[in-house]
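> Here is my input; please provide its structure:
(one chain, ligands or ions: 1)
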Amino acid sequence: MVIKIFTGTSAFLFFLLALLLPAARLKADDGHGLWLRNNKTNPVIISCSDKSATAMLAIEELKDGWMGKAGAKMLLIVKFDQSIKGDGYILKPQSIQAATPVGLLYGAFDYLRRQKVGEDLHVTSNPSYQRRILNHWDNLNGTIERGYAGSSIFWRNEKQAPTVTEADRKLWREYARANASVGINGAVLNNVNASPIILSDDYLNKVKEVADVLRPYGMRVYLSVNFASPMVLGKLATADPLAPGVINWWKDKANEIYKAIPDFGGFLVKANSEGQPGPQDYKRTHVDGANMLADVLQPHGGIVMWRAFVYSASDKDRAKQAYEEFMPFDGRFRDNVIIQVKNGPIDFQPREPFSPLFGAMKKTSVMPEFQITKEYLGENIHLVYLGTLWEEALKSDTYQQGKGSTVARCTDGSLYPQQYTAIAGVANIGLDANWCGSNFDQANWYAYGRLAWDNQLTATQIADEWVKLTFSPDQTTAGDSKWQNGFLKPVTAMMMKSREAMVNYEMPLGLHHIFAADRHYGPGPWYAPKKVRVDWTPPYYHKAGADGIGFDRTSKGTAAVNQYQQTVADEFDNLKTCPEKYLLWFHHLPWTYQVASGRTLWDEICYRYQDGLQSVKEFQKTWDSLRPFVDEQRFEEVQSKLQRQYHDAQVYKDGCLLYFQTFSKMPFPPGCEKPIYTLDYLESIDPFTMEKFPASNGGQ
Ligand code: GCV
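Reported below is the predicted structural model:
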């Protein structure tokens, strides 16, 4: 009898084989192919009247990735239609229409995506923002500030003039293709902490080379500029934005750039921030600086993205400073200046309320800046999907023009007239084979592009698409229920929960910036060396003491709440209405304060840390069960990173709870496991290396 044959050892072996076989069939995959995998395709007949290099790329993509009927006919048309905006397009089952060749390319990628994931092929799609930009924090020596995926794809440490190889061009083409596939149309090629050397002839030659490769994919290049460039490079005695010699230097520089790169996008500027030079060094204002640069770029069609990321150590509340510094200038910037504002008022924390500048600046163009690289969210180690964070930020209601004045609508031109609309994401891309330092971090590059194209998409939909495109072994299985239930569902569920899990095991209930030193990785609620400026130390933010914990930003505290529109200000100010997720961002509360669950604040904090840690354990279990669906290489990479994540989440939980307990003096509640480590030990080590903390370390 069959049943008899498969008992004991043989049954076990059969089971093992069944488990291993599908995995054995899946080829090792280094992740380089991202979400652009053409597995089984069919021939297609395409006619297209446009002969541009970009239209040719659209044709090539359709031919390489066609999953419709073999021998089907497709028509590509470049023709304006009332319903098309910018590089938008109209898809029909047998045609793609756009007003520009790059619109055709976007349409082709969307068409293929819809074929693969099984979506409707009748659609008109227009971009939410005109400029959808990646900010590379790449230094000219090849390192990347806050980069966790290897060295720069643009720069390397070179003794002489920078060089370009065929391998560089190939990689840049792949990079441009991936960006075009999600609608990203610009890249700032160097760090906002900019070296003036980027504007030297040698470097501009290389920038031109990059621009030439990116152009057919619809991407423009931009540069971060150092405000003191006229002094360092031009040997002028000043960089005063009102000095005629300085203005002429920038004019000449702009002419030189546009001669080589006619579609150059413009400048990104970090001025008078974290030690960078700026107009205030000459008693001038942000308006003076930004408008001067805007005027030299304007004849060429260039824009200035002027960052609002400014704060000084002397202020009592860092969260208020950007608003205080920029609001008085509303309406005074040129039309081609866009103020680039980080999503929250501090700095890309696991969770922040939206920056009060969104919607408040009514006569100035404002663009959101997101961080794709996970500086504060576990680098390339922790599995954290950022789609949920960005959806939360974009959908935050500023109320500035009544209910529904979301951050998305305040920045995409639907509420305020803006000559230019834009969005920026700090890239997580490097030379690593998988581009992002981890396979799951590719989802964040993808999600940023998709939201920049359509800021109304949901994180769930994007995760679903990405998993199908990235992991489905044969794209036709995107519709296969075994694969959907066995892999797609658990993986998207894990992704959707991942950011909240991190918030819980790192800094729940509105806590923020409790990192050890400048690495911004592990916990350091105690970290406050005398030599480090206070606003770069966690006690400045959590304010834990015998009386409780949290930053009082209410009307009775620093009054940061008053920077929001009245409805929002009232909501945050009032303990009864303040969303729990922002509780300790806005309120300083006693340890015994009773939260919504009925627990004391102390118990709730303990519960959240425990819950976050437990979630990572569940992610591990989920992933371990998915081996049959994934190739070994990607399976093992994710598995080992999750192991490390669990370890580090434990360090976070233990470090924070043991430290806060020295003030609360309350016991760990039932259900909150006892710490594994001691406070003394954790305070003595660097939580990234788990080795003794080096004597000297920086801040931020
Ligand atoms: C590029 C934070 C980061 C810095 C970064 C800065 C910025 O402070 O830690 O590395 O510098 O933000 O956005 O300018």
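> Next, the contact list for R220, please.
By CB atoms under 8 Å, 6 or more residues apart in numbering, R220 lies in contact with N185, G186, A187, A211, L214, D263, F264, G265. (Each C-beta comes from the backbone N, C-alpha and C, glycine too.)
> Around the ligand, pick out the residues from the chain.
The chain comes close to the ligand at residues W137, E145, R146, V192, N193, K270, E274, F309, D347, E375, Q700, as judged by CB under 6 Å from any ligand atom.
> if we can go back for a sec, export the contacts of R220 as CSV, with columns for neighbour count.
Shown next, in CSV, are the contacts of R220 (neighbours: other CB atoms under 10 Å):
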residue, neighbour count
N185, 27
G186, 25
A187, 27
A211, 23
L214, 24
D263, 15
F264, 23
G265, 24
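> Next step: these restricted to strands.
When DSSP state E is applied, the contacts of R220 are split such that G186, A187 fall in strands.
> so which of the contacts of R220 comes closest to G289?
The closest of those to G289 turns out to be G265 (CB to CB; 18.7 Å).
> right, and the closest one touches S224 too?
No - the criterion here is CB atoms under 8 Å, and G265 misses it with S224 at 11.6 Å.
> what bits of the protein have low per-residue confidence?
1-26, 475-476, 695-700 (pLDDT under 70).
> Spatially central residue (nearest the centroid) of it, please.
Residue closest to the average C-alpha location in the chain (CA atoms, centre = their mean): I372, at 2.0 Å.
> and that residue, what does it touch?
Applying CB under 8 Å, 6+ apart, the residues near I372 are L134, L386, G425, V426, A427, N428, N444, W445, Y448.
> from these, which ones fall inside helices?
Judged by DSSP state H, helices contain the following of these: N444, W445, Y448.
> okay, the residues you listed in CSV with distance to S640 and neighbour count next?
CSV is the format used below for those (distance: CB to CB, whole Å; neighbours: other CB atoms under 10 Å):
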residue, distance to S640, neighbour count
N444, 19, 27
W445, 21, 26
Y448, 26, 27
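> which strands and helices sit next to the helix ranked longest in the chain?
Ordering each helix of the chain by length in residues (DSSP H) puts helix 632-664 first. Counting contacts by 3 or more CB pairs under 8 Å, 6 or more residues apart in numbering; DSSP states H and E, helix 632-664 packs against helix 489-506, helix 601-624, helix 679-684.
> ranking these by burial, who's on top?
Ranked by mean neighbour count, the helices and strands packed on helix 632-664 are led by helix 489-506 with a mean of 22 (mean count of other CB atoms under 10 Å).
> Give me the buried positions along the helix or strand that that helix is followed by.
Using DSSP states H and E, the helix or strand that follows helix 489-506 in sequence is helix 539-542. Buried residues in helix 539-542, counted by 16 or more other CB atoms under 10 Å: Y540, Y541, H542.
> gap between helix 539-542 and the chain center?
25 Å (CA atoms, centre = their mean, to the nearest Å).
> do the same with stretch 394-411
20 Å.
> That one: end-to-end distance?
The straight-line separation of the ends of stretch 394-411 (CA to CA, to the nearest Å) is 9 Å.
> what comes up buried for it?
Using 16+ other CB under 10 Å as the test for burial, stretch 394-411 gives 394, 396-400, 405-411.
> Include secondary structure when you put those into CSV, please.
Converted to CSV, the buried residues of stretch 394-411 look like this (DSSP: H, G, I helix; E, B strand; the rest coil):
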residue, secondary structure
L394, helix
S396, coil
D397, strand
T398, coil
Y399, coil
Q400, strand
S405, coil
T406, strand
V407, helix
A408, helix
R409, helix
C410, helix
T411, helix
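> Between the residues you listed, which sits nearest R351?
Lowest distance from R351 to those (CB to CB) belongs to S396, with 11.5 Å.
> ok, for that closest one, nearest residue in space, not its chain neighbours?
Residue nearest to S396 in three dimensions, not counting chain neighbours: F354, with 4.1 Å by CB to CB, 6 or more residues apart in numbering.
> wait, that neighbour sits on G344?
Yes - using CB under 8 Å, F354 is in contact with G344, at 6.7 Å.
> Looking at those two, which is more packed in?
Shown here are F354 and G344; by other CB atoms under 10 Å, F354 has more neighbours (25 against 20).
> gap between the more buried one and L415?
With distances taken as CB to CB, to the nearest Å, F354 is found 14 Å from L415.
> From the chain's centre, how far out is the helix or strand containing E325? Work that out for me.
Assigned by DSSP H and E, E325 falls within helix 321-326. Helix 321-326 sits 23 Å away from the centroid of its parent chain (CA atoms, centre = their mean).
> cool, and stretch 639-650?
Counting by CA atoms, centre = their mean, stretch 639-650 comes out at 22 Å from the chain centroid.
> Could you do stretch 566-574 as well?
28 Å.
> Give me the contact list for that stretch.
353, 397-399, 553-555, 561-564, 577-579, 582, 586.
> Going by neighbour count, which of those residues are buried?
353, 397-399, 553-554, 561-564, 578, 582, 586.
> okay if I get those residues as a markdown table plus secondary structure?
Below are those laid out as a markdown table (three-state DSSP):
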| residue | secondary structure |
| --- | --- |
| P353 | coil |
| D397 | strand |
| T398 | coil |
| Y399 | coil |
| R553 | coil |
| T554 | coil |
| V561 | helix |
| N562 | helix |
| Q563 | helix |
| Y564 | coil |
| C578 | coil |
| Y582 | helix |
| F586 | helix |
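> Go through those residues and name the one nearest K320.
In terms of CB to CB, no member of the buried ones among the contacts of stretch 566-574 lies closer to K320 than Q563, at 6.3 Å.
> Assign the closest residue in space to that closest one that isn't next to it in sequence to helix, strand or coil.
The shortest distance from Q563 to any residue other than its chain neighbours is 3.8 Å, reached at P356 (CB to CB, 6+ apart). Secondary structure, three-state DSSP: P356 is coil.
> Help me confirm that P356 comes into contact with E324.
No - assessed by CB under 8 Å, P356 is found out of contact with E324, at 10.0 Å.
> Between those two, point out the one with more neighbours.
Taking other CB under 10 Å, P356 and E324 do not tie; P356 has more neighbours (27 against 15).
> Out of the contacts of R220, the closest to R114 would be?
The nearest member of the contacts of R220 to R114, counting by CB to CB, is N185 at 20.5 Å.
> Show the backbone phi and psi for G103.
Backbone torsions of G103, given as degrees, to the nearest 10, read phi -60, psi -40.
> list residues touching both of F354 and G344?
Overlap of the contact sets of F354 and G344 (by CB under 8 Å, 6+ apart) consists of A393.
> first to last residue in stretch 352-366, what's the distance?
The straight-line separation of the ends of stretch 352-366 (CA to CA) is 18 Å.
> circling back to that earlier point, ranking by neighbours, what's the top pick from the residues of the chain next to the ligand?
With neighbours defined as other CB under 10 Å, the most crowded of these is V192; it has 26 neighbours.
> what about it, which SS state?
Per three-state DSSP, V192 ends up coil.
> mind listing what it touches?
Applying CB under 8 Å, 6+ apart, the residues near V192 are N135, W137, S224, L268, V269, K270, Q276, R307.
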